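Peer 1: The following comprises the amino acid sequence and a computationally predicted model.
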Amino acid sequence: MFCAGFKPDDQQSGDACEGDSGGPFVMKSPEDNRWYQVGIVSWGRRL
């Protein structure tokens, strides 16, 4: 298991949304500029 998300500043953040569970978690490779599935979304932070 790993935790993923981003927080570019104090006003914004990125996380899983309702309905995302079970969907693919993908990342873009800086080496070949292609998208790869690296996991499955399970849950997100509840605000």
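Peer 2: Arrived safely. Because the structure is a prediction, the values reported are computed rather than measured.

Peer 1: so what does the helix or strand residue 39 falls within touch, helix or strand wise?
Peer 2: Taking DSSP states H and E as the criterion, residue 39 maps to strand 35-40. With contacts taken as 3 or more CB pairs under 8 Å, 6 or more residues apart in numbering; DSSP states H and E, strand 35-40 sits against strand 24-28. Where you see a C-beta, it was placed from the backbone N, CA and C, and this is true even at glycine.

Peer 1: Tell me, please, where in the chain the pLDDT is lower than the cut-off.
Peer 2: Low-confidence segments of the chain (pLDDT under 70): 1-3, 5-8, 12-14, 44-47.

Peer 1: let's see it at 80
Peer 2: Regions of the chain meeting the criterion pLDDT under 80 cover residues 1-20, 43-47.

Peer 1: Now do the buried residues in the strand holding residue 39.
Peer 2: For strand 35-40, the buried set under the neighbour-count rule, 16 or more other CB atoms under 10 Å, is empty.

Peer 1: what's in contact with it?
Peer 2: 2, 4, 22-29 (CB atoms under 8 Å, 6 or more residues apart in numbering).

Peer 1: which one of the residues you listed has the most neighbours?
Peer 2: residue 25 (15 neighbours; other CB atoms under 10 Å).

Peer 1: sorry, back to before: direction included, what does the strand holding residue 39 pair against?
Peer 2: Sheet neighbours of strand 35-40, with direction, are listed as strand 24-28 (antiparallel) (DSSP bridges).

Peer 1: Give me the contact list for the partner strand.
Peer 2: Residues contacting strand 24-28 (CB under 8 Å, 6+ apart): 4, 34-41.

Peer 1: I am finished for the moment; much appreciated.
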